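Novice: could you look at this predicted model? Sequence included:
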Protein chains: 2
Amino acid sequence: MGKQASAPEIETVLKLEEFLPYRLARAAEIMSREFADIYKKHTGMTRPEWRAFATIGQFGTVTATFIGQHSSMHKTKVSRAVVSLEQRGWLARTSDGADRRIEHLALTKKGWRVYAALIEEARKFEADVLQALGEGPSNALISGLDHLEQR
Amino acid sequence: MGKQASAPEIETVLKLEEFLPYRLARAAEIMSREFADIYKKHTGMTRPEWRAFATIGQFGTVTATFIGQHSSMHKTKVSRAVVSLEQRGWLARTSDGADRRIEHLALTKKGWRVYAALIEEARKFEADVLQALGEGPSNALISGLDHLEQR
DNA sequence: TTTCAATTGTTACAAATGAAACTAATAAAA
DNA sequence: TTTTATTAGTTTCATTTGTAACAATTGAAA
């Protein structure tokens, strides 16, 4: 009997377009870049600056360490972003009374105005994406992310 | 009549954990880093090197320009990755007969052995993630990515 | 207490990255 | 053909990033 035809045990190549880490990275990169265009145009912020800024806006008063943990940014990145945001008058530092190593970071009034405008743009951006996607796929994507995070 | 209680027109803060670009970026970053640990341990490759390598493995013979387009990497990144992969004996260049600007890149025998081992690890990694996620959420995530890409 | 370890944030140095300039070659236009 | 424009890939330089060392302070251990 001749050689049997059969599907190969293992595919001999990996199709990157179908490989989850690759797909996720591409999707994230494209979306991040699109959104970055918005806040760059409005404020000139870099990505690390936006992340630090948004974290302070969300939590009111935080330390640099907290920003690093919450946004998984390296502490030197945070440090530099904070310097830059401070120089533009969008955030202020106050030293902790009890522990003099710590600095509390909060937005200034000017910072809050920028923040309010930015998150409006952010919501609009997100809504546009979700609408373009449609309700079903949007829910699927969000649900998938939920589960991925719970892992 | 007194002031009516009502939900605010606009939320005053943006919760980053619920913001799509942020969630996608985090998920992608974590997954990429986890997978990078695998190929780093096995081969010492960097992320750009893995991407270039996997692209060549998938398509057999490609140009540097193609790698850049397909994986959305900057051409200098590709150029450096190719040099590095070549030095380790995993890929070889052959010049095009008709157009001497072009270099055709392909894996060497040694490269193919590394590739075979790596994509097995890749599949295992992906399967582990999807299994941990469960069938329903996996399908939801994949479907969400499908639609996101079609946009 | 005194010493040693841990923590917060910054700085100095080295590696990775991207923009622009560049070389070599081909294609298109005059 | 001669000139000009375009393309492939590399190199140079400036910027960004991360690692490691650091100063300042606090907590824990001896």
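Specialist: Alright, I've got the coordinates.
Novice: buried set for the helix or strand where residue A:127 lies?
Specialist: Residue A:127 belongs to helix A:109-133 when assigned by DSSP states H and E. For helix A:109-133, the neighbour count (16 or more other C-beta atoms under 10 Å in any protein chain shown) marks A:111, A:114, A:115, A:118, A:119, A:122, A:125, A:126, A:129, A:130, A:133 as buried. All C-beta atoms are positioned from the backbone trio N, CA, C, and that covers glycine.
Novice: just stretch A:85-104 next, same as before
Specialist: A:85, A:88, A:90, A:91, A:92, A:103, A:104.
Novice: of those, list those near chain B.
Specialist: Residues shared between those and the neighbourhood of chain B: none [C-beta under 8 Å from any C-beta of the partner chain].
Novice: quick check: the two most widely separated of those residues?
Specialist: A:88 and A:104 (18.6 Å; C-beta to C-beta).
Novice: quick one: the strands in chain A?
Specialist: A:61-62, A:91-95, A:103-107 (DSSP state E).
Novice: out of these, which comes closest to DNA strand C?
Specialist: strand A:103-107 (4.3 Å; C-beta to the nearest atom of the strand).
Novice: other SSEs contacting the closest one?
Specialist: helix A:47-59, strand A:61-62, helix A:64-71, strand A:91-95 (3 or more C-beta pairs under 8 Å, 6 or more residues apart in numbering or on different chains; DSSP states H and E).
Novice: parallel or antiparallel, which strands does it pair with?
Specialist: strand A:61-62 (antiparallel), strand A:91-95 (antiparallel) (DSSP bridges).
Novice: put together a markdown table for the buried residues of helix A:109-133, with distance to residue B:43 and pLDDT on each row.
Specialist: Listed next are the buried residues of helix A:109-133 as a markdown table, based on distance: C-beta to C-beta, whole Å; pLDDT from 0 to 100:
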| residue | distance to residue B:43 | pLDDT |
| --- | --- | --- |
| A:111 | 46 | 98 |
| A:114 | 45 | 98 |
| A:115 | 44 | 98 |
| A:118 | 42 | 97 |
| A:119 | 43 | 97 |
| A:122 | 39 | 97 |
| A:125 | 38 | 97 |
| A:126 | 38 | 98 |
| A:129 | 36 | 97 |
| A:130 | 39 | 97 |
| A:133 | 37 | 95 |
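Novice: and which of those residues is nearest to chain B?
Specialist: residue A:119 (4.1 Å; C-beta to the nearest C-beta).
Novice: which residue packs closest to that closest one, ignoring adjacent ones?
Specialist: residue B:14 (4.1 Å; C-beta to C-beta, 6 or more residues apart in numbering or on different chains).
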